[in-house]
Every structure is written in structure tokens, then in C-alpha cells.
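In: Pasting a predicted model and its sequence here:
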Amino acid sequence: MNVLGIETSCDETGLALYETGSGGLRQRLYSQIERHREYGGVVPELASRDHVAKAAPMLRELLEEAGGSAAIDGIVYTRGPGLMGALMVGASLARGLAWALDKPLLGVHHMEGHLLAPMLSQDAPEFPFVALLVSGGHTMLVDVEAVGRYRILGESLDDAVGEAFDKTAKLLGLPYPGGPELAALAATVEDSPLRFPRPMVDRPGLAFSFSGLKTFALNTMQKLAPLDQRKRAEIAHAFERAVVDTLRIKCERALQQTGRQRLVVAGGVGANRRLRQTLGEMASARGWKLHFPPLEYCTDNGAMIAYAGSQRLLAGQRDDGVYDVRPRWSLEELPPLPA
Ligand code: KG4
Ligand code: ZN
């Protein structure tokens, strides 16, 4: 079955055709980052307009490569969570296409896409596993028993990890999105004499809170002003260390608590080198398996939506009559696949 996946929940227009039998994948990805950079963050109205401009021509290109619309057996799109207007663009395109081609249609949960993205890698993880989802909009630990069987173990009470990276980077004068920029600045020093707090690790449970770290960074910057390049790098280093350590402690706790042996990391912050290294060391010390999706599937893309949707279409799920988006939508509301 050839499934077309459409992702427009935030600032990436992602399209992919996924063939469920062979695992064959064709995709197109367009990032709007340049457009939002001058505003220091994603401007929802601009995001929607850019999806409108890009999605249809990208689809035409993808279909030309695949031999036309006859190649499509089903259509899935990101129904939520995300920006309302941006989601509407993908949903409208998907709905129109499904209607014109008379093919099944299904709305996909964006975070389920991230959760299942590691399945697209060469050594796909086996179920069950614990997933750490770390993106610009979400931070959560999820117990994944099978496709559609998700239990949220803990999530952020305030800023998402990516958001904390981006806001702290902005304070340091780095361009948006600041996560990779801050990581690069942090890597220019071996160590830092500064120590940032590890929020909420002294309390039991798996909830996160990252907004205090940004304030701590701001106070530190004011105390150390004027800042030369070395001091800025030391702040970035100490901040990154604190975030990664906090994530490591909570992941360790989540695996111990659930008894799972496998940890899967997904979402944009999964691209962070220090996080990869630190979790790698933890996993080998504990004898756990650790999976990171390939970098291209860590950030938003159409392939992960096509994959997640295809698993549900194969199980006979479809929602042709429904045409809506869910800007807010919990993973736990998703129906499991029939056994
Ligand atoms: O998953 P994603 O592409 O988009 C969302 O759905 O949010 O994640 C983007 C986030 C941004 O906050 C970005 O700064 C962060 O991931 N990010 C990083 C790194 N690469 C991307 N954060 C820290 N270190 C990185 N290397
Ligand atoms: Zn995402």
C-alpha cells in the first residue's frame, strides 16, 4: 500500500509517499526557518501562508516522480497537535485529494509520528519501549506497548526542552532556532565553572520543568556582565549540561519504573550530541538498548506521518467523513490498533 503523508503542523512542509510492503520512501521537505528567523520564533499566520504556497507544488513534484496520483492508495495528514491555521492547510489538501481520488483518509497525531519515526531506521526498535519525546513544542516520556498503546509517564509542566534551548539561546544573542546554535557554542569550551540547577530531580515522579533554567541563565548573565565570548560559551555549556543531565535522570527513572529494556529518543532535540552521548553511556552501563532515529527523521517531516498513518490504514482505520484539526490533542486519546 502506497500512503501519502502530509505534515504542516508547524514550520515544516513535509510530504512523503511510503510503501508499506517494501518500506520504500520518497519525500519532500521544506523548512520555513529562514522566514521566521527575523521574528525570533514561528509566526503562525506566516506559517499557514507559506504552507499554502509550498504544499501543492511540492505534491505535484512528488507525484511526478512517483508516476502520478494513481500511485496513491491512501492519504494521511497531521490532524494535531499544532498551529490551527497551519494544520488546516495540510488537512484541506489531504481532504480534497482523498475526495478527488476516492481514497481512504486518516488524520494522524503529530506526536505518534515522532514516536514511530524510529521505525523508519535500519535497526527499528521492537515493542515495548519507553520513548523520550523532545521537541520544540513537547517534552514527554511515554510508555509504548504497541502502536496506539501509549501511556504518558511524565511531561513538561511549562516550557518544552526545545523551547528552553531556543529561549536561552535568544538571551545569548543567538539566531532562531537556537537549540543547535547553543549546542555549537557550548561545544567551544571543554568545561564550565558554572553550575545550573537540575529542575525537579529531587522530587519523585517523571514530570519536567524547564522554564526556571532560562531565568537562571538570565540571572547568571546579568551577574557576569559584561560577557565575553568565553563566558557566553560557559553559560551555554552549563545550561546544556543541566538539561541533558535532567533528561538522563528522568529516562533512567522511567525505565526502572516500567521495567522496560529499551529507550527510544525522538523529536528535534534528539539531534543534540551531548544528549546522544550521555544517554548512550547510561544505556550501556545499564545494559539497555538505545535507539535514535536518523537525524532527518528527528525533526518534523512527512515520512513519520506517512508511516504512523499507514499502520492505522492497514488496520482498517479511516475517518473519511471527518474533516477537522485538533490543535490540542492528547496521545492517550488515540484508539489502539485492533489486536
Ligand atoms: O521536532 P522539532 O523539529 O519541531 C517540533 O515539533 O517542535 O524540534 C525543533 C526543536 C527546536 O526547539 C530546536 O532548537 C531543537 O529542536 N533542536 C536542538 C538541536 N537541534 C534541534 N536542540 C538542542 N540541540 C540540538 N542539536
Ligand atoms: Zn514535531
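Out: Perfect, I can see it now. Ligands and ions are numbered 1, 2, ... in the order given.
In: residue ranges of the helices in the chain, please?
Out: Remark: helices assigned in the chain by DSSP state H are 33-37, 44-66, 84-101, 110-116, 161-171, 178-186, 211-224, 229-258, 273-286, 295-298, 302-314.
In: Please identify the one among the ones you listed that comes closest to ligand 2.
Out: Among the helices of the chain, helix 110-116 comes nearest to ligand 2, with 5.5 Å by Cβ to the ion. Using the backbone N, CA and C atoms, a C-beta is placed for each residue, glycine as well.
In: If I average pLDDT within each of the helices of the chain, which one is lowest?
Out: For these, mean pLDDT drops lowest on helix 295-298, to a mean of 87.
In: ok, it near ligand 2 or not?
Out: No. Judged by Cβ under 5 Å from the ion, helix 295-298 makes no contact with ligand 2; its nearest approach is 9.0 Å.
In: For that helix, C-alpha coordinates in CSV please.
Out: C-alpha atoms of helix 295-298 as CSV (Å, rounded to 0.1, in the frame of the first residue of the first chain):
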residue,chain,number,x,y,z
LEU,A,295,18.7,12.8,12.2
GLU,A,296,16.5,13.6,9.2
TYR,A,297,13.6,11.8,11.0
CYS,A,298,14.2,13.6,14.3
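In: Just checking the distance from it to the centre of its chain.
Out: Its chain's C-alpha centre and that of helix 295-298 lie 9 Å apart, by Cα atoms, centre = their mean, to the nearest Å.
In: now swap in stretch 26-45 and tell me
Out: Counting by Cα atoms, centre = their mean, stretch 26-45 comes out at 15 Å from the chain centroid.
In: Next: stretch 184-191.
Out: 25 Å.
In: circling back: please convert the helices of the chain to a markdown table, extending it with mean neighbour count.
Out: Output for these, formatted as a markdown table (neighbours: other Cβ atoms under 10 Å):
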| stretch | mean neighbour count |
| --- | --- |
| helix 33-37 | 13 |
| helix 44-66 | 17 |
| helix 84-101 | 20 |
| helix 110-116 | 27 |
| helix 161-171 | 25 |
| helix 178-186 | 22 |
| helix 211-224 | 16 |
| helix 229-258 | 20 |
| helix 273-286 | 15 |
| helix 295-298 | 17 |
| helix 302-314 | 27 |
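In: Spell out which residues of the protein are next to ligand 1.
Out: Contacts of the chain with ligand 1, taken as Cβ under 6 Å from any ligand atom, map to 10, 135-137, 162, 165-166, 177-180, 183, 267-269, 271-272, 299-300.
In: switch to 5 Å and redo it
Out: Within the chain, the positions near ligand 1 by Cβ under 5 Å from any ligand atom are 135-137, 162, 165-166, 177, 179-180, 183, 267-269, 271-272, 299-300.
In: rewinding a little: closest to residue 145 out of the helices of the chain?
Out: Closest to residue 145 of the helices of the chain, according to Cβ to Cβ: helix 229-258, at 9.8 Å.
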